[in-house]
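[1] Mind looking at a prediction? Sequence and model below.
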Amino acid sequence: MSEITPERVAHLAMLARIALTDDEIEKLTGELGAIVDSVAKVQEVATPEVAATSHPIPLTGGMRPDVPGQTLTTEQALAGAPDHDGSRFRVTAILGEEQ
Amino acid sequence: MAKAELMDFDKALELFEPVLGFEVHVELSTQTKMFSDAPNPAFGGHEISEPNTAITPVCLGLPGSLPVVNETAVRYSISLGLALGCQIAPTSRFARKNYFYPDLAKNYQISQYDEPIAFEGMLEVELEDGTLVQVPIERAHMEEDAGKLTHVGGSTGRIQGAEYSLVDYNRAGVPLVEIVTKPIFGAEHRAPELAKAYVSTIRDIVRALGISEARMERGNLRCDANVSLRPRGQVALGTRTETKNVNSLRSVERAVRYEIQRQAAILAKGGTITQETRHWHEDTGATSPGRPKSDADDYRYFPEPDLLPVAPTPQLIAELRAALPEAPAARRRRLKEEWGFSDLEFRDVVNSGLLVEVTDTVAAGASPQQARKWWTGEIARIANAQNAEPAALISPQHVAEIVALVESGSLTDRLARQVVEGVIAGEGSPADVVSARGLEVVSDDGALIAAVDAALAQQPDVLEKIRDGKVQAAGAVIGAVMKAMGGKADAARVRELVLERAAQ
């Protein structure tokens, strides 16, 4: 049986800052549950020798040399900002603290 | 903020055993950021003062931008892992740590979660009296730093009551290594001291590796200190608090001591400790509660799909291992031996934070005792008076030059102190100060003899005594000559001349 409960969906929605109605929560509980159950089937055939896969193609590396490149100008950086003070982005004060 | 009740430290240690844990963030001094080729503000050579000038589309998480790992940052991280006695993972992965806060524009931080690059280490930390403590390291992982928020409005400039916040993303993406210890047991009453020594050791290591500027006041090195208490005889760990914002070695020590005393007072009354982050306030010497550990920690980590796993070759790891500098504790033992310092002399240098300066001064040619004497004496005195770091005042090279001038007899100690003062005042090199202030010792015997004769003529009674064999009476004449020469004479030579002239 799926671990996805309506409470869990509501919690995830809160973490993702997505407003959901009760109807949507109910619908998503079923849909997400089906996805989780399907993924769980894969675990039945996975053995400890099979490493977890995060990429479809077994590649590693892809690094760059430590050489500075082109930066944005302040104007460019702020061009898409909803609000700014000329040099910094201006955002609504959010209760909390730096992570 | 109500002042928390504190229990006497010794009493607290009688009733409870403190258990420590540390998370230290080290900003790497690579030229560019972790995942972008924007200049890294934590690189010593970059002077970045204007907000949002050291950024690229990657730093802002703009659509279509993709992170690419900085190869040097990976090398630095491996070196640090090795220096902490860690194993290096053959493959390690980046992960997204999801949270909504505007210090990162992407709504997630790229970090490492279940596959850190370095794990299972052991670090030898030396306390002030030379006691060695083994600190178990859980992991050291790579991640990116976040941007800087300035809260505007409200009366205090702090988050409470702020109307809006201004964000500067220059720091966003600066390469970080987070070093996490396992729980540290057995520190007992030396827990605060161990906290300071641990962070200090990390600082020494990253400096020796040349991978970070490691300046705590600039946030290059940041420590979160975890403290929990358990009643004597209890096996289960107590609830811990995590104190953030501890930005100096002294604060680390004070914050741990404070938390032990605060938690003990609560527990002794039958209260419970709230698991939370707390903020250290340097001005009041106290911590205050931050956010509770609850939903905020629901970071929904998952493997970063934009980045490939990092798989350092065994050759690279071997190469970096071979290039590791000596471990700080071993290095100290070697230097103490080489310099022939007593325990006290050596501890004096280490505890004054002048080991690097003395080492460099010796390397520049000064004798160890002279190097020690000048750094822990005159220079430390001036630094203390100016409330500055000794190292910021004068270079080891200049100190070595001054020592050489004293040893060659060109300067007396008294004159040399004036030269030190002049160099610190920005009057140039020791040679510049000597010539500009006219401080060279008078080595011209002709001038000295004239002064000696004049002094003897003025003190005929002393001359009589010297002639009667009362050599110690010469002191008065030597003093007069030194005064006449403005201190710019070698007292030993003057003494010789006084005896010589008196005998004639």
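    Perfect, thanks for sending it.

[2] Look up the closest residue to residue B:116, ignoring the ones flanking it.
    residue B:141 (3.6 Å; C-beta to C-beta, 6 or more residues apart in numbering or on different chains). Bear in mind the C-beta positions are built from the backbone N, C-alpha and C, glycine included.

[3] For that neighbour, pull up the helix or strand it's in.
    Following DSSP states H and E, one finds residue B:141 within strand B:132-144.

[4] how far out from the middle of the chain is that strand?
    Its chain's average C-alpha position is 18 Å from that of strand B:132-144, according to C-alpha atoms, centre = their mean, to the nearest Å.

[5] Stretch B:47-59 too?
    27 Å.

[6] again, but for stretch A:74-90
    Worked out by C-alpha atoms, centre = their mean, stretch A:74-90 lies 25 Å from the chain centre.

[7] Identify all contacting residues around it.
    A:91, B:50-53, B:55, B:60, B:62, B:102, B:150, B:164-169 (C-beta atoms under 8 Å, 6 or more residues apart in numbering or on different chains).

[8] List the buried residues in it.
    In terms of neighbour count (16 or more other C-beta atoms under 10 Å in any protein chain shown), stretch A:74-90 has its buried residues at A:74, A:77, A:78, A:81, A:84, A:88, A:89, A:90.

[9] what do you get for stretch B:237-245?
    For stretch B:237-245, by 16+ other C-beta under 10 Å, it's B:238, B:240, B:241, B:242, B:243, B:244, B:245.

[10] Closest to chain A out of these?
    In terms of C-beta to the nearest C-beta, no member of the buried residues of stretch B:237-245 lies closer to chain A than residue B:244, at 8.3 Å.

[11] can you list the buried residues of stretch B:237-245 in JSON lines and add secondary structure and pLDDT?
    As requested, those are exported to JSON lines (DSSP: H, G, I helix; E, B strand; the rest coil; pLDDT from 0 to 100):
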{"residue": "B:238", "secondary structure": "coil", "pLDDT": "95"}
{"residue": "B:240", "secondary structure": "coil", "pLDDT": "94"}
{"residue": "B:241", "secondary structure": "strand", "pLDDT": "95"}
{"residue": "B:242", "secondary structure": "strand", "pLDDT": "94"}
{"residue": "B:243", "secondary structure": "strand", "pLDDT": "95"}
{"residue": "B:244", "secondary structure": "strand", "pLDDT": "90"}
{"residue": "B:245", "secondary structure": "strand", "pLDDT": "77"}
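
[12] wait, doesn't the residue nearest to residue B:116 sit right on residue B:114?
    No - with contact defined as C-beta atoms under 8 Å, residue B:141 does not reach residue B:114; the gap is 10.0 Å.

[13] So between those two, which is more surrounded?
    Taking other C-beta atoms under 10 Å in any protein chain shown, residue B:141 and residue B:114 do not tie; residue B:141 has more neighbours (25 against 11).

[14] Contact partners for the more buried one?
    With C-beta under 8 Å, 6+ apart, residue B:141 has these contacts: B:92, B:111, B:112, B:113, B:116, B:117, B:118, B:177, B:178, B:180.

[15] quick one: pLDDT of the fifth one?
    For residue B:116, the model assigns a pLDDT of 97.

[16] Contacts only, for it.
    For residue B:116, counting by C-beta under 8 Å, 6+ apart, the contacting residues are B:89, B:92, B:139, B:140, B:141, B:142.

[17] Neighbour-wise, give me the winner out of those residues.
    Of all the contacts of residue B:116, residue B:142 has the most neighbours under the rule other C-beta under 10 Å, reaching 29 neighbours.

[18] what's across from that one in the sheet?
    With DSSP bridges applied, residue B:142 shows beta-bridge pairing to residue B:177.

[19] can you confirm residue B:149 is in a strand?
    Yes - using DSSP: H, G, I helix; E, B strand; the rest coil, the assignment for residue B:149 is a strand.

[20] Compute the number of surrounding residues for the residue nearest to it when sequence neighbours are not counted.
    Take residue B:149 and drop its neighbours on the chain: the residue closest to it by C-beta to C-beta, 6+ apart is residue B:165, 4.8 Å away. Each residue near residue B:165 was counted by other C-beta under 10 Å, and the total is 20.

[21] now swap in the one 5 residues further on and tell me
    The criterion is other C-beta under 10 Å. On that basis, residue B:170 has 26 neighbouring residues.

[22] Give me the distance between it and residue B:101.
    17 Å (C-beta to C-beta, to the nearest Å).

[23] Tell me where the stretch 1-150 of chain B has strands.
    Ranges of strands in the stretch 1-150 of chain B, per DSSP state E, counting those that start in this stretch, are B:16-27, B:69-70, B:87-88, B:95-98, B:108-111, B:118-126, B:132-144, B:148-152.
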